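Enquirer: give me coordinates for this.
(chains A, B, C and D)
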Number of protein chains: 2
Amino acid sequence: MRPRSDKADLLRGTLDLLVLRTLELRPLHGVAIAERIRQVTEGTFVVQPGSLFPALHRLEHEAWIAGKWTTNAEKRRVKSYVLTAAGRRQLAAQRREWDRIVTAVAQVLETG
Amino acid sequence: MRPRSDKADLLRGTLDLLVLRTLELRPLHGVAIAERIRQVTEGTFVVQPGSLFPALHRLEHEAWIAGKWTTNAEKRRVKSYVLTAAGRRQLAAQRREWDRIVTAVAQVLETG
DNA sequence: TGCCGCTGTGTCGCAGGAAGATATATGATT
DNA sequence: AATCATATATCTTCCTGCGACACAGCGGCA
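Expert: Predicted coordinates for the structure are as follows:
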């Protein structure tokens, strides 16, 4: 069997939310999205390529983000993503959902 | 294809934490654990049998909880679970992990 | 020119968990 | 006995995060 990382599956269920929110601030290309998430979370969330690109394709397929081939400052070919109107609505919905989860977990953890 | 529920996958990654915490308060049998989680979260988390029992077996296999066949107040045969010492340590670790996730997500959601 | 090395994108297969459907056992009820 | 309700268990499917890898394009450098 393949050696499994002992690092927990931290992103489970939050990746879409994180990507949508990151793109809400400004359009970015794939790797730059992952890089920003890593920086803002101070290394807690490190989005791997095997997670990042399937997620981007999924979000694009749902029409929550739109990708366009461009070139970055170093003249390299990159795919830049922007949040769509539907994406903004989805982001709002996922924010509410996340708040609900956090509240519910807190209730369990704090109710003695 | 099988009709998929449009209800979000809320439990994703939090089920172990919820079960361990519930058993920290007092020993309970499977269905009673799910029932308490449902009540405390006011219906946000409804743990289905297909999630509950595999989770209990998993936690028992990790020796974080210990099951014992007993009978409940209605004289019915139930499997009562108690949190082990290792389970308490695991619960503490998962609490820290959860806090870390909540903090990280908040950083992404609130960093403008 | 040819060879690296780096960056960005993409893909493949696996592992593990959540859930619906279903099965089984057992006690209570009629 | 038949039925119903409760509790446990399992089977299968779907989803998703991930490691490993492939590959393309560009710059540097001998």
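
Enquirer: part of a strand, is residue A:81?
Expert: Yes: counting by DSSP: H, G, I helix; E, B strand; the rest coil, residue A:81 falls inside a strand.

Enquirer: run the contact check for whatever helix or strand residue A:34 lives in versus DNA strand C.
Expert: Taking DSSP states H and E as the criterion, residue A:34 maps to helix A:30-40. Yes: residues of helix A:30-40 contacting DNA strand C under C-beta under 7 Å from any atom of the strand: A:30-32. The way it works is simple: take the backbone N, C-alpha and C, and place the C-beta from them, glycine included.

Enquirer: check which helices and strands the helix or strand where residue A:100 lies sits against.
Expert: Under the criterion of DSSP H and E, residue A:100 resides in helix A:85-110. The elements that helix A:85-110 packs onto, with contact taken as 3 or more C-beta pairs under 8 Å, 6 or more residues apart in numbering or on different chains; DSSP states H and E, are helix A:15-25, helix B:15-25, helix B:30-40, helix B:85-110.

Enquirer: and these: which comes nearest residue A:97?
Expert: Smallest distance to residue A:97 across the helices and strands packed on helix A:85-110 (C-beta to C-beta): 8.1 Å, for helix A:15-25.

Enquirer: ok now the closest one, how far from the chain's centre?
Expert: Distance, stretch centre to chain centre, for helix A:15-25: 5 Å (C-alpha atoms, centre = their mean, to the nearest Å).

Enquirer: kindly report the same for stretch A:18-38.
Expert: 7 Å.

Enquirer: for the residue positioned nearest the centre of chain A, give me its contacts.
Expert: Central residue of chain A (C-alpha atoms, centre = their mean): residue A:19, 2.5 Å from the mean position. Applying C-beta atoms under 8 Å, 6 or more residues apart in numbering or on different chains to residue A:19 gives the contacts A:33, A:37, A:55-56, A:59, A:65.
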